[in-house]
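Participant: got a sequence here, can you build the structure:
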Amino acid sequence: MLAACLLVAGTLHATFPAAHFTVEWRHSIEHTRWRESYAVQGDRIVLTEAWIEGSGAGMDAGPDARFDGHGWRWTPALAPLREIVLTLSPYTADYELCAAGQCRMLHAWAGLPRNDTARVTIRPCAPDSPQVDAPRASSVRGARGHAAAGK
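Facilitator: Numbers count the residues shown, from 1 in each chain. Modelled structure (predicted):
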């Protein structure tokens, strides 16, 4: 089974056994949603799809984007990644990470207080990585089946 690990300052905070996950956030200036879908493939993470609610400050859709009635969807041409680094800040909206049928705010997955500033790294885990359950938090949401990554 493929998995992804959440690390904060190099320390494992959570593992989610999922070959696919999404990250979603609100742009700090435009306040529109951005979502990215990822697949764990071996020791890499592949960005499989991006979606934005609308364009604006640094938020242009890709050249092959198509409007789905709610926003612009496309497949970015990006080489597979070793990791994704997201920054949590009390000054911007939190990320929502959906994996294995559960959606939670990133600070909850990482077990951090909402007002913390931290760099959270997501990287593929070895198949035998220890399973670490993310804390249950009031920010747990139902699965919505979509993703994102990077403010």
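Participant: now stretch 69-83, how far from the centre of its chain.
Facilitator: Averaging C-alpha coordinates over stretch 69-83 and over its chain gives two centres that are 12 Å apart (CA atoms, centre = their mean, to the nearest Å).
Participant: check what pLDDT the residue nearest the centre of the chain gets.
Facilitator: For the chain, the residue whose C-alpha lies nearest the mean C-alpha position (CA atoms, centre = their mean) is residue 23; its distance is 2.5 Å. At residue 23 the predicted local confidence, pLDDT, stands at 96.
Participant: now do residue 109
Facilitator: If you check residue 109, the pLDDT there is 89.
Participant: end to end on stretch 43-60, go ahead and measure it.
Facilitator: For stretch 43-60, the first-to-last residue distance is 29 Å (CA to CA, to the nearest Å).
Participant: what residues sit buried inside it?
Facilitator: Of the residues in stretch 43-60, those buried by neighbour count under the rule 16 or more other CB atoms under 10 Å are 45, 47-53. Placement of C-beta: from N, CA and C, glycine included.
Participant: where does residue 47 sit, in terms of helix or strand?
Facilitator: Secondary structure from DSSP states H and E places residue 47 in strand 44-52.
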